[in-house]
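K.L.:
Quick one, what's the 3D model for this:
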Amino acid sequence: MSNKKNLRNLTLTALFAAIIFLVTAYLLHIPIGLNGGYIHVGDAFVYLAAVMLPMPYAMVAAALGGMLADVLTGAAIWAIPTIIIKPLLALPFTSKNEKILCKRNIVAIFVADITGLVCYAVAEGFIYGNWVAGFAAMVPGSLQPIASSVVFVLMGLAIDKMHLKERLLNPER
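P.N.:
From the prediction side, this is the model:
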């Protein structure tokens with residue numbers, strides 16, 4: 001990988017981590033329940049990072065952005081699960097397609113949403129020692145992946161229509 005491309009990937013990784021942090025922690029951040037949890041649309045940007053960046057970079061952006069949001073909003077108990085779970089949300093996506101909204105990435109939305117719901121329910125079971133509450137929280141918690149998925153699809157449509165992915169990642173053309 002050329003130094004120029006590596007620098008671009010590192011820069012975009014930092015940018016996505018910052019966006020994930022800001023959107024998760026402060027923009028459309030809705031506290032729920034008594035356990036420090038909250039609903040946000042930051043996962044839309046985890047998905048976007050996963051379709052724009054090579055996988056290791058997307059996973060780092062997801063882990064850092066999500067972890068910073070937890071630590072800096074008083075939900076630090078979730079930081080360790082977030083460092084593990086958010087990169088898993090990026091795995092089903094591909095950045096190798098010209099378009100953001102290709103078949104694989106559409107399917108990946110559902111896989112990532114289910115992965116996040118189940119993993120956070122398991123984490124809640126471990127943290128609070130109450131498995132029933134952890135899995136019961138999946139019902140109201142499903143609003144988050146649904147909202148993130150809608151935002152991701154809307155952004156994907158706009159970015160694909162503008163050919164922004166191609167122009168951003170291949171500026172020489």
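K.L.:
going forward, measure contacts and count neighbours with C-alpha atoms only.
P.N.:
Noted.
K.L.:
all strands in this protein, in order from the N-terminus.
P.N.:
30-31, 38-39 (DSSP state E).
K.L.:
List the single closest residue to Ile80 in space, sequence neighbours excluded.
P.N.:
Leaving aside its sequence neighbours, Ile80 sits nearest to Met67 (C-alpha to C-alpha, 6 or more residues apart in numbering; 7.4 Å).
K.L.:
Hmm, the one you found is touching Thr82, no?
P.N.:
Yes - under the contact definition of C-alpha atoms under 8 Å, Met67 touches Thr82, with a separation of 5.8 Å.
K.L.:
so where's this protein uncertain?
P.N.:
In the predicted model, the chain carries pLDDT under 70 at residues 1, 33-38, 171-173.
K.L.:
Could I get the buried residue list for the top helix by length along it?
P.N.:
The longest helix of the chain (DSSP state H) is helix 103-128. By neighbour count, with 16 or more other C-alpha atoms under 10 Å as the criterion, the buried positions of helix 103-128 are 105, 108-109, 111-125.
K.L.:
Excluding covalently adjacent residues, which one is nearest to Val41?
P.N.:
Of all residues not flanking Val41 in the chain, Ser148 sits nearest, at 4.5 Å (C-alpha to C-alpha, 6+ apart).
K.L.:
Tell me who's in contact with the residue nearest the centre of the chain.
P.N.:
For the chain, Val46 is the residue whose C-alpha lies nearest the centre (C-alpha atoms, centre = their mean; 2.4 Å). The neighbours of Val46, taking C-alpha atoms under 8 Å, 6 or more residues apart in numbering as the test, are Phe16, Ile20, Ala58, Ala61, Ala62, Lys86, Leu89, Ala90.
K.L.:
Tell me how many other residues crowd the second one.
P.N.:
Right, Ile20. If you count neighbours by other C-alpha atoms under 10 Å, Ile20 ends up with 29.
K.L.:
Tell me which residues are up against stretch 114-124.
P.N.:
Contact partners of stretch 114-124, identified using C-alpha under 8 Å, 6+ apart, comprise 81, 85-86, 88-89, 130-131, 133-135, 137-138, 141-142, 145.
K.L.:
Go again with 7 Å.
P.N.:
Residues outside stretch 114-124 that contact it (C-alpha atoms under 7 Å, 6 or more residues apart in numbering) are Pro81, Ile85, Leu89, Gly134, Phe135, Ala137, Met138, Ser142.
K.L.:
next one: stretch 148-162
P.N.:
Contacts of stretch 148-162 from elsewhere in the structure, counted by C-alpha under 7 Å, 6+ apart, are Val41, Gly42, Asp43, Ala44, Tyr47, Leu48, Lys99, Ile100, Leu101, Ile109, Lys165.
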